[in-house]
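Visitor: sequence and computational prediction follow.
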Amino acid sequence: MVRTAFPGDVEELAGRLRPEDARAAGAFTGMTPQEALAFTLMLSPRAWTVEVGGRPVAMFGVALPTALADVGQPWLVGTPEMSRYGRLLLRLARSYLIAMRRVAPRLAGLMDARDGKAV
């Protein structure tokens, strides 16, 4: 199930992130995964949590680094369990990209080159 993300999801998810996501959080922000995810969620006018069996397995959204930004930064983090739902997430991606573009007409993002799956 995909639902609106809430700050309480951060604590539930941060300790179970894929190692690649935890490493990227530190590389991009210098923060712990929990701090980086909470900060990113705060900067995101739209964010969603993917929940399976009542537990978050992924969170994604679009961050706006400044209130005047017209370029949104899409982001996605997840637990190792997220990979089981890759096809489902791919099928849903288009509708969520449309929702992100309603927030910011242009989207641009960064990824950690060490994460071979993301690159």
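Guide: Received, thanks. Numbers count the residues shown, from 1 in each chain.
Visitor: give me the helices and strands touching the helix ranked longest in the chain, please.
Guide: Counting residues, the longest helix found in the chain (DSSP state H) is helix 86-103. Applying 3 or more C-beta pairs under 8 Å, 6 or more residues apart in numbering; DSSP states H and E, one finds that helix 86-103 makes contact with strand 46-52, strand 55-63, strand 71-78, strand 106-107. Where you see a C-beta, it was placed from the backbone N, CA and C, and this is true even at glycine.
Visitor: pick the most deeply packed of the ones you listed.
Guide: Compared across those, strand 55-63 shows the largest average neighbour count, a mean of 23 (mean count of other C-beta atoms under 10 Å).
Visitor: I'd like to know which elements it is packed against.
Guide: helix 7-14, helix 33-42, strand 46-52, strand 71-78, helix 86-103.
Visitor: returning to that earlier point: C-alpha coordinates for the longest helix of the chain, PDB please?
Guide: What follows is helix 86-103 as a C-alpha-only set of coordinates in PDB (Å, rounded to 0.1, in the frame of the first residue of the first chain):
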ATOM      1  CA  GLY A  86      10.300  -3.400  -7.800                       C
ATOM      2  CA  ARG A  87       7.700  -4.200 -10.600                       C
ATOM      3  CA  LEU A  88       4.900  -2.800  -8.600                       C
ATOM      4  CA  LEU A  89       6.800   0.400  -7.900                       C
ATOM      5  CA  LEU A  90       7.700   0.700 -11.500                       C
ATOM      6  CA  ARG A  91       4.100   0.400 -12.600                       C
ATOM      7  CA  LEU A  92       3.100   3.200 -10.100                       C
ATOM      8  CA  ALA A  93       6.000   5.500 -11.000                       C
ATOM      9  CA  ARG A  94       4.300   7.400 -13.800                       C
ATOM     10  CA  SER A  95       1.400   8.600 -11.700                       C
ATOM     11  CA  TYR A  96       3.700   9.700  -8.800                       C
ATOM     12  CA  LEU A  97       6.000  11.500 -11.300                       C
ATOM     13  CA  ILE A  98       3.000  13.400 -12.500                       C
ATOM     14  CA  ALA A  99       2.200  14.300  -8.900                       C
ATOM     15  CA  MET A 100       5.800  15.500  -8.400                       C
ATOM     16  CA  ARG A 101       5.700  17.600 -11.500                       C
ATOM     17  CA  ARG A 102       2.700  19.400 -10.100                       C
ATOM     18  CA  VAL A 103       4.900  20.500  -7.200                       C
END
